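Undergrad: Model the structure of this input:
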Amino acid sequence: MKKAAAVVTDRGGRTCHAAIVSRELGLPAVVGTERGTAELQDGQQVTVSCAEGESGRVYDGALSFEVSRVDLKGLGTPRTQIMLNVADPDEVFGLSFLPNAGVGLARLEFVITHAVQVHPMALVRFDQVTDQEARRRIEALTAGYADKPRYFVDKLAEGVAMIAAAFYPKDVILRLSDFKTNEYAGLVGGQDFEPREENPMIGFRGASRYCHPRYRDGFALECRAMLKVRAEMGLKNLKLMIPFCRTVEEGRKVLAEMARHGLRRGADGLEVYVMCEIPSNVILAEQFAEIFDGFSIGSNDLTQLILGVDRDSEIVAPIFDERNEAVKRMISSVIRAAKAKGRKIGICGQAPSDYPDFAEFLVAEGIDSMSLSPDAVLKTTLAVLEMEKKLVAPRAAIASRTA
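TA: Have a look, this model is predicted:
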């Protein structure tokens, strides 16, 4: 994808992984075309445009275009913090010069896929890797490492440290691994350690993996890498976030497992957040707030699970809409619950990047932060500043009348 000028797919919706990663790499992506790869021909010159509203366009030939520039001098700082979604350590130093309040979502999966490449359990239990080609690749990648698991720890720590250093001393909230089983199986040596699931999206993922015998030792390597970044490298601005935590008890088990590896919540300033992306996270928000320092609303998965819509399906993609009243009520509810408990709450889903009216809804609800794909930071910052002015004006008028 790094080599591509644009991405066009036959399948997938607006929040499928091809679309998400394309945004973070700054690539225009048109997904779910159904016939795009058949219509486009090798050597054909086309213009891929994502600047014309909700639907992307692929035009024949090279079209002319205009560039809009924003003067950052005098740009105010919105009350609602504008943070970044990032994944690729190679890009972060450039992105750090955008106006931002830090990183609201750093994805671990990109670092594992590109820098590590090997399934962590294939390093912990190398003797159980049955594929000979996978064994050869692991031996080559870990050359110089007598302790193969240490390779995972070092490579992961290096990638995460680059992200934390680029934005230091601002907060960098890192989401721990949230591969699905089919994605984990694609890592070198992964086939021997992953079950086959009919629906990986709601299967063995996120917090459920961390304490399970199938992955506990792999999660230990993640913890060792995070401890290295914070304790050895001194990047205390790194915060950690638990994805897809289905129950409060599961959250307690994960925190205990992290503490076992030196990552104790509250110690040395460590904050641990939880993704709010399952209806149970909203319904039991007060209980989740007792054990975590804050929430980040993952509106992509939350919308999927509230509406029962597969976010990777182009067929039902028109139904997937974070602005649906059911989704908005759930988001409003969890914001109120978090604030009542004195916990931070932000959002790291795609919706505020795409829909100004949804961003306005979040501002009105009093959300603490929005974490956005880099291409949406400037336009959303400008829009939020205007929204906050509108909200302040009526309050000032009411206060004046009261006086």
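Undergrad: alpha carbons only for contacts and neighbour counts from here, please
TA: OK.
Undergrad: pull the CA atoms of stretch 125-138 into PDB?
TA: Extracted C-alpha coordinates of stretch 125-138, given in PDB (Å, rounded to 0.1, in the frame of the first residue of the first chain):
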ATOM      1  CA  ARG A 125       7.200 -21.800  20.900                       C
ATOM      2  CA  PHE A 126       9.500 -22.000  17.900                       C
ATOM      3  CA  ASP A 127       9.700 -25.800  18.200                       C
ATOM      4  CA  GLN A 128       6.000 -26.000  17.400                       C
ATOM      5  CA  VAL A 129       6.300 -24.200  14.000                       C
ATOM      6  CA  THR A 130       5.600 -26.900  11.400                       C
ATOM      7  CA  ASP A 131       6.000 -25.000   8.200                       C
ATOM      8  CA  GLN A 132       9.600 -25.300   7.000                       C
ATOM      9  CA  GLU A 133       9.600 -22.100   5.000                       C
ATOM     10  CA  ALA A 134       8.200 -20.200   8.000                       C
ATOM     11  CA  ARG A 135      11.000 -21.600  10.200                       C
ATOM     12  CA  ARG A 136      13.600 -20.400   7.700                       C
ATOM     13  CA  ARG A 137      12.100 -16.900   7.600                       C
ATOM     14  CA  ILE A 138      12.000 -16.800  11.400                       C
END
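Undergrad: Can you mark which positions in it are buried?
TA: 126, 129, 134-135, 138 (16 or more other C-alpha atoms under 10 Å).
Undergrad: Format those as CSV; extra columns: distance to residue 228 and pLDDT.
TA: Shown next, in CSV, are the buried residues of stretch 125-138 (distance: C-alpha to C-alpha, whole Å; pLDDT from 0 to 100):
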residue, distance to residue 228, pLDDT
126, 23, 98
129, 27, 97
134, 28, 97
135, 27, 98
138, 23, 98
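Undergrad: Would you mark the buried spots in stretch 181-193?
TA: 181-182, 184-185, 187-191, 193.
Undergrad: so for it, what's the average pLDDT?
TA: Averaged across stretch 181-193, the pLDDT comes to 96.
Undergrad: Now do the end-to-end distance for it.
TA: 9 Å (C-alpha to C-alpha, to the nearest Å).
Undergrad: Now tell me what touches it from outside.
TA: 113, 117-119, 121-122, 128-131, 134-135, 137-138, 194-197, 200, 203-205, 214 (C-alpha atoms under 8 Å, 6 or more residues apart in numbering).
Undergrad: Ok, stretch 271-285 next?
TA: Contact with stretch 271-285 is made by 239-247, 265, 288, 292-302, 305-306, 330-331, 333-334, 337-338, as judged by C-alpha under 8 Å, 6+ apart.
Undergrad: Mind listing what's buried along the host helix or strand of residue 249?
TA: Assigned by DSSP states H and E, residue 249 belongs to helix 248-260. Neighbour-count burial for helix 248-260, with 16+ other C-alpha under 10 Å as criterion, is recorded at 248, 251, 254-258.
Undergrad: so for it, what's the average pLDDT?
TA: pLDDT averaged over helix 248-260 gives 98.
Undergrad: Can you name the element that comes right after that helix?
TA: Next element after helix 248-260 (DSSP H and E): strand 272-276.
Undergrad: partner strands of that next one, parallel or antiparallel?
TA: According to DSSP bridges, strand 272-276 has the following sheet partners: strand 238-242 (parallel), strand 294-297 (parallel).
Undergrad: In the helix or strand following that strand, which residues are buried?
TA: Next along the chain after strand 272-276, taking DSSP H and E as the criterion, comes helix 279-283. By neighbour count on 16+ other C-alpha under 10 Å, the buried set for helix 279-283 is 279, 281-282.
Undergrad: Pick out whichever of those sits closest to residue 364.
TA: Using C-alpha to C-alpha, residue 282 comes nearest to residue 364 of the buried residues of helix 279-283, at 18.8 Å.
Undergrad: Could you tell me how far that closest one is located from residue 288?
TA: Residue 282 is 9 Å from residue 288, by C-alpha to C-alpha.
Undergrad: Please apply the same query to residue 221.
TA: Applying C-alpha to C-alpha to residue 221 and residue 288 gives a distance of 25 Å.
Undergrad: Flag the shaky bits of the stretch 251-400 of the chain, pLDDT-wise.
TA: 392-400 (pLDDT under 70).
Undergrad: just the strands in it please.
TA: 272-276, 294-297, 344-347, 369-372 (DSSP state E, counting those that start in this stretch).
Undergrad: Highest mean neighbour count out of those?
TA: Burial of the strands of the stretch 251-400 of the chain is given as mean neighbour count (mean count of other C-alpha atoms under 10 Å); strand 369-372 ranks first at a mean of 28.
Undergrad: Find the nearest non-adjacent residue to residue 277, please.
TA: residue 302 (4.2 Å; C-alpha to C-alpha, 6 or more residues apart in numbering).
Undergrad: Can you report how many residues neighbour the one you found?
TA: Number of residues near residue 302 (other C-alpha atoms under 10 Å) recorded here: 24.
Undergrad: returning to what we had before: kindly reformat the buried residues of helix 248-260 as CSV containing distance to residue 71.
TA: CSV is the format used below for those (distance: C-alpha to C-alpha, whole Å):
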residue, distance to residue 71
248, 46
251, 44
254, 45
255, 44
256, 48
257, 47
258, 44
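Undergrad: so what's residue 339 up against?
TA: Residue 339 sits next to residue 345 when contact means C-alpha under 8 Å, 6+ apart.
Undergrad: just to revisit the earlier point, and the helix holding residue 249, what does it pack against?
TA: Applying 3 or more C-alpha pairs under 8 Å, 6 or more residues apart in numbering; DSSP states H and E, we find helix 248-260 packed against helix 207-210, helix 285-291.
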